[in-house]
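Student: Pasting the sequence and the predicted model now:
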Amino acid sequence: MIIQGTCHPPLSAERLVAELELIPDGSVTLRCGEHTGEWAMDALTFSEPLGSLPAQITFPDGWLFKAAENQMLADWIQAHGTKRSLWIYRLERHWLAIVASLVFLIVLGAGTYRYGIPAASHILARMLPQAVPEYIGETVLETLDEYLFAPSQLDEQEQWQIRDRFALLQDNWPPLPFEPKIVFRSWQKGPNAFALSDGTIVVTDSLVALATTPAELESVLLHEVGHLYHQHVMEAVVQSALLSVSVALLTGENSGLADNLTGAGVFIASSGYSRDAEREADSFAAEQMLKQYGTTEPMAAMFHRFMEHGSDSELPEWLQSHPDLNQRIEAVSALEQ
Ligand SMILES: [Zn+2]
């Protein structure tokens, strides 16, 4: 089949009358003035007709052919089912760009998730007005009281003894964003302590029972103070909020965004922080134990005691996010030398 049209020599605006011979074996001959070129169909670059502009074929040697009759050329390409039908061609031309864009988006997403959001959370957590962590802390405690906790069975006197001893420790530590206050609750899941974003530290009755000396109990309380000092609670809440917002932006699903904040607070309080956060809280506690007692031994003893007592499935907050408890005990003990 022969298609009439015009051609341009390589990099030239000169226009010549041309004909294109399409041969059923898949080869193509271009005759254009003096020039004749024969090519396999696969070697050609087709562009689709754009509006009223003619379909265009670019040859590997730079010659350009424009069909006078678009439909004929398009029909021929379709009928002969060349390996490079147009959509495959387009995909081939762009696949690298598509893959590169996807990889870029994945790397960007992972980078934002791993570094951007934690960094933003670190800053935002410190910029929020005091009322925000206060509100979240109160709401989280109300929620925990409603679903998880029961009133403490400890007698008032014992509660005050623990608070009084805890107050004596405060002289040693740097200024905190919130004044810590200890509340006691009964919790069927056993020994545990949680710091909330407003400075509240919830201590379970069974944690008090597990400690054999005041110093052992205080080592756990100091770990929670470490979380407060480093603002881990609000950082984690803000981080969770940023993730929720990101997901909402990406998916358009934004119902329950506000609920997520309180939910995040509850989740964080009960499930612990990152390993880095645990290490920071540990070293804060270890440092304070050294100042107060000259030893981190009660802290290590408390770790051991829990290992003997607890089941793996219900690790309390201050033991969580740390697969190797022995390593943690070593790190704390190493501070003594
Ligand atoms: Zn912790």
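Tutor: Cool, the structure landed.
Student: Following the chain onward from the least confident helix or strand in the chain by mean pLDDT, which element is next?
Tutor: Across the helices and strands of the chain, mean pLDDT, DSSP states H and E gives its lowest value to helix 257-271, namely a mean of 56. Following helix 257-271 in sequence order, the next helix or strand is helix 275-293 (DSSP states H and E).
Student: when you compare where the helix or strand just after that next one runs with where helix 275-293 runs, what's the angle?
Tutor: Next helix or strand after helix 275-293 toward the C-terminus (DSSP H and E): helix 297-309. On the basis of axes from the mean of the first three to the mean of the last three Cα atoms, to 10 degrees, helix 297-309 is oriented at 130 degrees to helix 275-293.
Student: what packs against whichever helix or strand comes after helix 297-309?
Tutor: Using DSSP H and E, the helix or strand that follows helix 297-309 in sequence is helix 325-334. If you count contacts as 3 or more Cβ pairs under 8 Å, 6 or more residues apart in numbering; DSSP states H and E, helix 325-334 packs onto helix 275-293, helix 297-309. C-beta coordinates here come from the backbone N, C-alpha and C atoms, glycine included.
Student: where along the stretch 151-300 of the chain do the strands fall?
Tutor: Under the criterion DSSP state E, counting those that start in this stretch, the stretch 151-300 of the chain carries strands at the ranges 181-186, 193-195, 200-204.
Student: looking at those strands, which is closest to residue 26?
Tutor: Across these, residue 26 has its closest neighbour in strand 193-195 (72.9 Å, Cβ to Cβ).
Student: what is the mean pLDDT for that closest one?
Tutor: In this model, strand 193-195 carries a mean pLDDT of 88.
Student: sec struct for residue 25, please.
Tutor: Of the three states, residue 25 takes coil according to DSSP: H, G, I helix; E, B strand; the rest coil.
Student: List the buried residues for stretch 159-177?
Tutor: 159, 162, 166, 169, 173, 177 (16 or more other Cβ atoms under 10 Å).
Student: With stretch 137-148 instead?
Tutor: 137, 139-141, 143-144, 148.
Student: Thought residue 280 was touching residue 230, still the case?
Tutor: Yes. When contacts are counted by Cβ atoms under 8 Å, residue 230 is listed as touching residue 280 (5.0 Å).
Student: would CSV of the helices and strands packed on helix 325-334 with mean pLDDT be doable?
Tutor: Shown next, in CSV, are these (pLDDT from 0 to 100):
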stretch, mean pLDDT
helix 275-293, 90
helix 297-309, 84
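Student: wait, which of those helices is closest to the ion?
Tutor: helix 275-293 (4.6 Å; Cβ to the ion).
Student: Taking helix 325-334 as reference, get the angle to that closest one.
Tutor: In terms of direction (the same axes, to 10 degrees), helix 275-293 departs from helix 325-334 by 40 degrees.
Student: what's the distance between helix 275-293 and the middle of its chain?
Tutor: For helix 275-293, the separation from the chain centroid amounts to 27 Å (computed by Cα atoms, centre = their mean, to the nearest Å).
Student: Name all residues that make contact with the closest residue to residue 215 other than its chain neighbours.
Tutor: Of all residues not flanking residue 215 in the chain, residue 298 sits nearest, at 3.9 Å (Cβ to Cβ, 6 or more residues apart in numbering). Residues in contact with residue 298 (Cβ atoms under 8 Å, 6 or more residues apart in numbering) are 213, 215-216, 218-219, 289.
Student: do the same with residue 35
Tutor: With Cβ under 8 Å, 6+ apart, residue 35 has these contacts: 7, 9, 63.
Student: Next, it: phi, psi?
Tutor: The phi/psi pair for residue 35 (degrees, to the nearest 10) reads phi -80, psi 130.
Student: Next: residue 19.
Tutor: Per degrees, to the nearest 10, the backbone of residue 19 is at phi -140, psi 150.
Student: which residues does it bridge with?
Tutor: With DSSP bridges as the criterion, residue 19 is bridged to residue 4, residue 31.
Student: Which element, helix or strand, includes the residue in the stretch 1-150 of the chain positioned nearest to the ion?
Tutor: With Cβ to the ion, the shortest gap between the stretch 1-150 of the chain and the ion falls at residue 140, namely 15.7 Å. Per DSSP H and E, residue 140 falls inside helix 131-147.
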